[in-house]
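1. Below is the sequence, then the predicted model.
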Amino acid sequence: MLANALQGVRVVDLSRILAGPWCTQNLADLGADVLKIERPVQGDDTRAWGPPFVTAESGEKVAAYFLACNRGKRSVTVDFANAHDRDWLLRQIQDADVLVENYKVGTLAKYGLDYASLAAISPGLIYLSVTGFGQSGPFAHRPGYDYIFQGMGGLMSYTGVEDGEAGAGPLRTGVAVVDLMTGMYATSAVLAALVQRGRTGRGQHLDIALLDVAVAMNANQAANYLVSGESPVRSGNTHPNLAPYEVFACADGYMILAIGNDTQFAAFCQLMGTDWHSRPEFATNAGRLTHLKQLRPLLREKLAPWQVAQLGQALDAQGISWGNINDLEQVFAHPQVQHRQMLQAVEHPQLGALRLVRNPMVPPGRDAQITPLPVLGPAALPEAHHYAKQET
């Protein structure tokens, strides 16, 4: 099972906040032994990014934000400026397969923890650097958070209420998508590097930049621009390449209608008792996109009297995709979400009962049970905290 796929792989995690920890949490969920290195006293910044908090028996408060991206790891506090701590950390790295860090370019070289220094003593080490702008280039030494890259990378230029309407303007997503996507790209890069090392015996330096990811995740929007030469604009809840594909108001709430092709649109029109699919301007997806301003009022008028559940049943019968707009209480109460065991309960020795989210890469079932996240760990001084290589 994937839950044990990386059993025996040792990871030293020097990353903080979200992108790096999201990657190392993925590795931990897949069975890797992840040692999270934190600053003495305060630890990872996100331990304090609350409320809400969970309180340990010791009185330590851990922010829910930290819970989201650090399960399955062991925590140790290390002061790089302390020679004893640094020597201890070097021993951990020599025994590790992967190191993940997200310090500003050049910071770790001051402590002999840069890739060149570590590759000299551990040539098989896979060293992943996650930074805002990458290891080289005119902006390489600048810091940056997810929000910066949602704007700089283009996402916010076409996300939000349509220009000219009330509330128009740049809008970020409700979750740090660039950080999360960076964590996923980083996970894939580490796994590929482990496979390659299995063939060559050599490690390597992986350079993953949030700006690169922000540019790449424009996906079809970037392709649309590169083909047409026209930058996409904010269009609210509509889709740049499909129509109708947006949110509509019904009598008792909102629903998403997602028409994927002309056959589905014809079935939808028959359900609505209209012949729109026979009209030249609406017969094809390209036509519907071109004439969306004429089509949208017609759709709104037809859909407004329906109850969401009633309409959903009718759309299901026709094989037409639709969806509710759920808050998180409704999400975790959804029967399919429950069947997939996306919500998992764990008992933490200091924090008590916790509810966390299953990693979608690990299939549901007993093997998907997640391990608790760490409270802030002890100092690195006792030799007992050293993890040596184990036979696998």
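-> Looks like it arrived, so ask away.

2. Do a quick rundown of the helices in this structure.
-> Applying DSSP state H to the chain gives helices spanning 19-29, 64-67, 83-94, 115-121, 146-152, 177-200, 210-216, 219-228, 262-272, 285-290, 292-303, 308-317, 328-333, 335-339.

3. in stretch 327-342, what's buried?
-> Of the residues in stretch 327-342, those buried by neighbour count under the rule 16 or more other CB atoms under 10 Å are 337, 342. Heads up, the C-betas are built off the backbone N, CA and C, glycines and all.

4. Likewise for stretch 89-107?
-> Using 16+ other CB under 10 Å as the burial criterion, the residues of stretch 89-107 that qualify are 89-90, 92-93, 95-103, 105.

5. Kindly report the same for stretch 114-121.
-> Of the residues in stretch 114-121, those buried under the neighbour-count criterion (16+ other CB under 10 Å) are 114-115, 118-119.

6. so which of those residues comes closest to Y225?
-> Minimum separation from Y225 among the buried residues of stretch 114-121 (CB to CB) is found for Y115, which lies at 34.9 Å.

7. Was I right to think R86 contacts S117?
-> No. At 11.3 Å, R86 and S117 do not qualify as touching, with contact defined as CB atoms under 8 Å.

8. Please export the C-alpha coordinates of the helix or strand bottoming out on mean pLDDT in the chain as CSV.
-> Ranking every helix and strand in the chain by mean pLDDT, DSSP states H and E puts strand 343-348 at the bottom, with a mean of 87. Provided in CSV are the C-alpha atoms of strand 343-348 (Å, rounded to 0.1, in the frame of the first residue of the first chain):
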residue,chain,number,x,y,z
LEU,A,343,-12.1,12.9,7.9
GLN,A,344,-9.9,10.9,10.3
ALA,A,345,-9.8,10.9,14.0
VAL,A,346,-6.4,10.4,15.8
GLU,A,347,-5.4,10.5,19.5
HIS,A,348,-2.4,12.6,20.2
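
9. In its sheet, which strands sit next to it, and in what direction?
-> Sheet partners assigned to strand 343-348 using DSSP bridges are listed as strand 352-357 (antiparallel).

10. quick one: buried residues of the partner strand?
-> Taking 16+ other CB under 10 Å as the basis for neighbour counts, the residues of strand 352-357 that come out buried are 354, 356.

11. And the contacts of that strand?
-> Residues outside strand 352-357 that contact it (CB atoms under 8 Å, 6 or more residues apart in numbering): 54, 57, 67-68, 71, 342-348, 370, 372-373.

12. Tell me the spatial nearest neighbour of L303, not counting adjacent residues.
-> Spatial nearest neighbour of L303, chain neighbours left out: F248 (4.6 Å); criterion: CB to CB, 6 or more residues apart in numbering.

13. Report the contact partners of the one you found.
-> When the contact criterion is CB under 8 Å, 6+ apart, the partners of F248 are 254-257, 299-300, 303-304.

14. at 10 Å what do you get?
-> Going by CB atoms under 10 Å, 6 or more residues apart in numbering, F248 touches 237, 254-257, 296, 299-300, 302-304, 306, 308, 311, 322.

15. ditto for L303
-> If you count contacts by CB under 10 Å, 6+ apart, L303 has them with 244, 248-251, 255, 257, 272, 311.

16. if we take those residues, which one ends up nearest to H334?
-> Looking at the contacts of L303 and their distance to H334, the nearest is M255, at 14.7 Å (CB to CB).

17. With adjacent residues omitted, what lies nearest to the closest one?
-> Beyond its immediate neighbours in the sequence, the residue positioned closest to M255 (CB to CB, 6+ apart) is V308, lying 4.9 Å away.

18. go on, D207?
-> Per CB to CB, 6+ apart, closest to D207 is Q135, 4.7 Å.

19. How much space separates the one you found from Y115?
-> Here Q135 is placed at a distance of 9 Å from Y115 (CB to CB, to the nearest Å).

20. Need the residues touching each of these two.
-> Overlap between the neighbourhoods of Q135 and Y115 consists of 129, 205-207, taking contacts as CB under 10 Å, 6+ apart.

21. Throw those residues into JSON lines and include neighbour count and pLDDT, thanks.
-> JSON lines is the format used below for the shared contacts of Q135 and Y115 (neighbours: other CB atoms under 10 Å; pLDDT from 0 to 100):
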{"residue": "S129", "neighbour count": "24", "pLDDT": "98"}
{"residue": "H205", "neighbour count": "17", "pLDDT": "98"}
{"residue": "L206", "neighbour count": "20", "pLDDT": "98"}
{"residue": "D207", "neighbour count": "18", "pLDDT": "98"}
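
22. before we move on, the earlier item: ok, and the most crowded of the contacts of strand 352-357?
-> When the contacts of strand 352-357 are compared by neighbour count (other CB atoms under 10 Å), L373 ends up highest, at 26 neighbours.

23. got the contact list for the most centrally placed residue in the chain?
-> Taking CA atoms, centre = their mean, the centroid of the chain lies closest to L180, which sits 2.5 Å from it. For L180, the contact set (CB under 10 Å, 6+ apart) comprises 18-19, 22, 68-69, 146, 173, 213, 217.

24. Let me see the backbone angles for the closest residue in space to R288 that isn't next to it in sequence.
-> Nearest-residue entry for R288: A243, 4.0 Å, with adjacent residues in sequence omitted and distances by CB to CB, 6+ apart. In terms of degrees, to the nearest 10, the main-chain angles of A243 are phi -160, psi 140.

25. Perfect, I'm done here.
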